[in-house]
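*Asks:* here's my sequence, what's the structure:
(one chain, ligands or ions: 1)
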Amino acid sequence: MSREPLAINGGPRVREKPFPPWPVLGDEDVAAVADVLRSGRLTQLTGDAVARFEEAFAAYHGVKHCVATSSGTTAIHMALAALDIGTDDEVIVPAHTFIASATPVLHQGATPVFGDVDPHTFCIAPQSIEERITPRTKAVIAVHLNGHPAQMDAILAIARRHSIPVIEDAAQAHGALYNGRKVGTIGTVGCFSFWEDKIMTSGGEGGAVITDDAALAERMRRARHHGEGPGRGERRYYHLELGYNYRMTSMQAATGLVQLSKLDEYLAARRRNAAYLSERLGEITAVTPPYAAPYAVHSYYKYICRLDSGNLSTGIDEFVQAVAAEGVPISRRYPTPLPQQPVFRDRGLGDAPCSVAERLAGELFTLLVHPTVTTADLDDVVAAIAKVTEGLSR
Ligand SMILES: Cc1ncc(COP(=O)(O)O)c(C=O)c1O
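*Replies:* Numbers count the residues shown, from 1 in each chain. Sure, this is the predicted structure:
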């Protein structure tokens, strides 16, 4: 059987249509934002939308406190500030994640120490945490990467033994379950991002920290707003400690409230799409679909596959370019591990080897399963990958 010429070599594309967009906001979001704009109460300090969003997000998770922020990055930074992480402290973070899981550690003047990840879940490996603990370790950041929960029981057991808090970075994992519990509710605090393409957005940017710890929540509220002490009545402009302006706006909160009401629907669609794609991709031996541990209900923020290029004539870069040329969105997943990023490497950080993270950096690629994607779209994804793996096979 002759192979069909690949689009990258001038052959016909598998797909001409654009892929369905994400996010898709509608009349309800527009009306909610318009109401806020007309009210003239545009900020957390003057309106009530942020407080209503915080209440709803805490209720969704069954926790006592939610502190909304301007982004997921500032959520993590605020959590570290409230936990008094500073100079001379070390914080263990995974070597394979988005950079913002680790940069807030530097912003606090502390040292990120990179742990290796599990080869199946791509989340931090508990054993690696154990190996990196020193008397200076003051926290662990467990990232629920791509929507897959980290191994929280093992991580918490280590953290308890060393009396250190666990910050859950759930920026990519809204609604993911660890042994039936929502991520973000298991560690000391849980941090979320509502950036535009996340599982739910708050109008493009936004974040939140959730916790049951009232004192920590109070510290985070303070850090979010210039370290100002809580005032009743007239503001006293009295600042107890170094703080920031990390506040969410009323317009962000208004969109966040609408999107939160759709979160379970979004999650069901993502899981349906992922299950369909995994079943279909099972036919292609060079590709390993994402793993879900027995303890996990995955949220599939991104659908991450591993490429075994052993039987292909090219590596992952050429593979990804060839699939993209077929008209299907695809990209490499975190091709540079954090210890090799100049921001850390140039500070002399990241000497300890993270062999799994390094290997995965050359093997992983991202496909999309967001709620607007249909099974017909996924059929095109499978057709493009099948065509390219066939076309590139030795
Ligand atoms: C794992 C992880 N942590 C933190 C962040 C930071 O969130 P934000 O982009 O809202 O600042 C992101 C967002 O992209 C993320 O994916």
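
*Asks:* residue in this structure nearest to the ligand?
*Replies:* For the chain, the nearest residue to the ligand under the criterion C-beta to the nearest ligand atom is residue 72, separated by 2.4 Å. Every residue, glycine included, has its C-beta placed from N, CA and C.

*Asks:* if I pick that residue, what's in contact with it?
*Replies:* Remark: with contacts taken as C-beta atoms under 8 Å, 6 or more residues apart in numbering, residue 72 is in contact with 100, 169, 171, 191, 192, 193, 194, 195, 198, 207.

*Asks:* I'd like the residues you listed as TSV, with secondary structure and pLDDT appended.
*Replies:* Below are those laid out as TSV (DSSP: H, G, I helix; E, B strand; the rest coil; pLDDT from 0 to 100):
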residue	secondary structure	pLDDT
100	helix	98
169	strand	99
171	coil	99
191	strand	99
192	strand	99
193	strand	99
194	coil	99
195	coil	98
198	coil	98
207	strand	99
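
*Asks:* out of those residues, which is most surrounded?
*Replies:* Most neighbours among the contacts of residue 72, by other C-beta atoms under 10 Å: residue 169, with 34 neighbours.

*Asks:* and the residue nearest to it when sequence neighbours are not counted, how many residues sit next to it?
*Replies:* Of all residues beyond its chain neighbours, the one nearest residue 169 is residue 143 (4.2 Å), with distances taken as C-beta to C-beta, 6 or more residues apart in numbering. Residues near residue 143, counting by other C-beta under 10 Å, number 28.

*Asks:* restrict the contacts of residue 72 to contacts with the ligand.
*Replies:* Counting by C-beta under 6 Å from any ligand atom, the subset of those that neighbours the ligand consists of 100, 169, 171, 193, 195, 207.

*Asks:* pick out the most distant pair among these.
*Replies:* When the ones next to the ligand among the contacts of residue 72 are compared pair by pair using C-beta to C-beta, the two farthest from each other are 169 and 195, 13.1 Å apart.

*Asks:* quick one: low-confidence parts of the stretch 151-300 of the chain?
*Replies:* Per-residue confidence for the stretch 151-300 of the chain (pLDDT under 70) gives these ranges: 231.

*Asks:* which positions in it make contact with the ligand?
*Replies:* 169, 171, 172, 193, 195, 207.

*Asks:* residue contacts, the fifth one?
*Replies:* For residue 195, the residues meeting the contact criterion (C-beta under 8 Å, 6+ apart) are 71, 72, 171, 201, 204, 205, 206.

*Asks:* just put these in TSV and tack on secondary structure and distance to residue 10.
*Replies:* Rendered in TSV, the data for the contacts of residue 195 read as follows (DSSP: H, G, I helix; E, B strand; the rest coil; distance: C-beta to C-beta, whole Å):
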residue	secondary structure	distance to residue 10
71	coil	43
72	helix	42
171	coil	40
201	coil	39
204	coil	38
205	coil	41
206	coil	44
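
*Asks:* the residues you listed, buried ones only, as a ChimeraX selection?
*Replies:* If you want just the buried ones from the contacts of residue 195 in ChimeraX, going by 16 or more other C-beta atoms under 10 Å, the selection is:
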select :71,72,171,201,205,206
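
*Asks:* can you pick out the most distant pair from the contacts of residue 195?
*Replies:* 171 and 204 (14.6 Å).

*Asks:* which residues of the stretch 251-394 of the chain fall in helices?
*Replies:* Taking DSSP state H, counting those that start in this stretch as the criterion, the stretch 251-394 of the chain carries its helices at 263-281, 316-325, 342-345, 355-361, 375-392.

*Asks:* TSV for these, including mean neighbour count and distance to residue 49?
*Replies:* Compiled in TSV, the helices of the stretch 251-394 of the chain are given as follows (neighbours: other C-beta atoms under 10 Å; distance: least, C-beta to C-beta, whole Å):
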stretch	mean neighbour count	distance to residue 49
helix 263-281	18	17
helix 316-325	19	40
helix 342-345	14	35
helix 355-361	18	40
helix 375-392	20	34
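
*Asks:* how about those helices in JSON lines, adding distance to residue 180?
*Replies:* Formatted as JSON lines, these follow (distance: least, C-beta to C-beta, whole Å):
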{"stretch": "helix 263-281", "distance to residue 180": "15"}
{"stretch": "helix 316-325", "distance to residue 180": "36"}
{"stretch": "helix 342-345", "distance to residue 180": "36"}
{"stretch": "helix 355-361", "distance to residue 180": "27"}
{"stretch": "helix 375-392", "distance to residue 180": "28"}
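
*Asks:* spell out which parts of the stretch 1-150 of the chain neighbour the ligand.
*Replies:* The interface of the stretch 1-150 of the chain toward the ligand, taken as C-beta under 6 Å from any ligand atom, is made up of 71, 72, 73, 97, 98, 100, 101, 143.

*Asks:* surely residue 63 touches residue 211?
*Replies:* Yes - with contact taken as C-beta atoms under 8 Å, residue 63 and residue 211 are classed as touching, separated by 6.6 Å.

*Asks:* quick check: neighbours shared by these two?
*Replies:* Between them, residue 63 and residue 211 share the contacting residues residue 190, judged by C-beta under 8 Å, 6+ apart.

*Asks:* the two: who's more crowded?
*Replies:* Neighbours of residue 63 and residue 211, each counted by other C-beta under 10 Å, are more numerous for residue 211; the result is 26 against 19.
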